[in-house]
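J.: structure for the following, please:
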Amino acid sequence: MTEPPPYDWRKPIGVDYALDEPEFMAEYGRTMSAWGNVEHALGSVFATVLNVEQVFHARAAFHSVISFRDRLGMIDAPMALVTNTFPGEQWAHLRKEWGRLKDATSKSSRYRNILAHMHVWHSPTAGTFGWKDITRISELPIDAVERKKVTVTISRMRDYRKSFEICTRRIGEFEGELKKAMKNPVRDVFPTAIDSGASE
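T.: Alright, predicted model coming up:
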């Protein structure tokens, strides 16, 4: 049987003028991968706040829920219990930071949804871009400059990716603070208490 010709992903597919398509698709893949890191980090926070032995089971349960809003709700319930059980500034800080993280990740999830549901188009004047679904093309501005303001471009996807990466970093830092607080819940209430991490 004859082997198919080798596929070169660096070459545009489709119309001849879509020269930026490979760069667009590469950035699309990087950006969606960065969003996956956000969800993975949140799954880790879910397992941490539950304080379970079977971490992977908790993560699997988290990822079995489809709606991102519901996933945040899964963290919200035990987080409220944990952060309101003990007094102290560390818990007040964690409550506030979790609220800020929820807002940031909710906003970023809207960017993710734009990317997940957009249709990719090619234009000889605007290049490769993303825009809603295939039935909404009539809503696009005719002018190329105005069109770039409302469509998903390579530059806009990079901004989305950066916001996802910032969320992932902040979630990781939050989880580290949460673990530290859970090891010694009254650390800042009774300063003489021995931190379990320091006694090891």
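
J.: neighbouring contacts of the lowest-mean-pLDDT helix or strand in the chain?
T.: Here the helix or strand of the chain ranked lowest by mean pLDDT, DSSP states H and E is helix 144-150, holding a mean of 86. Residues from elsewhere that reach helix 144-150 (Cβ atoms under 8 Å, 6 or more residues apart in numbering): 123, 125-126, 129, 131, 140-141. C-beta here means a position set from N, CA and C on the backbone, and glycine is covered the same way.

J.: between which two of these is the distance greatest?
T.: 125 and 131 (14.3 Å; Cβ to Cβ).

J.: neighbour count for the two, which is higher?
T.: residue 131 (18 against 10; other Cβ atoms under 10 Å).

J.: that one reaches residue 151, doesn't it?
T.: Yes. Checked against Cβ atoms under 8 Å, the pair residue 131 and residue 151 is within contact range at 4.9 Å.

J.: identify the contacts common to these two.
T.: Listed as contacting both residue 131 and residue 151 by Cβ under 8 Å, 6+ apart are 121, 140.

J.: so which helix or strand takes in the residue nearest to residue 58 when sequence neighbours are not counted?
T.: Spatial nearest neighbour of residue 58, excluding adjacent residues (Cβ to Cβ, 6 or more residues apart in numbering): residue 47 at 3.8 Å. Using DSSP states H and E, residue 47 falls within helix 21-50.

J.: for that helix, packing partners?
T.: helix 55-63, helix 68-85, helix 89-117, strand 127-131, helix 154-183 (3 or more Cβ pairs under 8 Å, 6 or more residues apart in numbering; DSSP states H and E).

J.: redo these as JSON lines? Include mean pLDDT.
T.: Converted to JSON lines, those look like this (pLDDT from 0 to 100):
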{"stretch": "helix 55-63", "mean pLDDT": "95"}
{"stretch": "helix 68-85", "mean pLDDT": "95"}
{"stretch": "helix 89-117", "mean pLDDT": "96"}
{"stretch": "strand 127-131", "mean pLDDT": "90"}
{"stretch": "helix 154-183", "mean pLDDT": "97"}
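
J.: many thanks, I have nothing further to ask.
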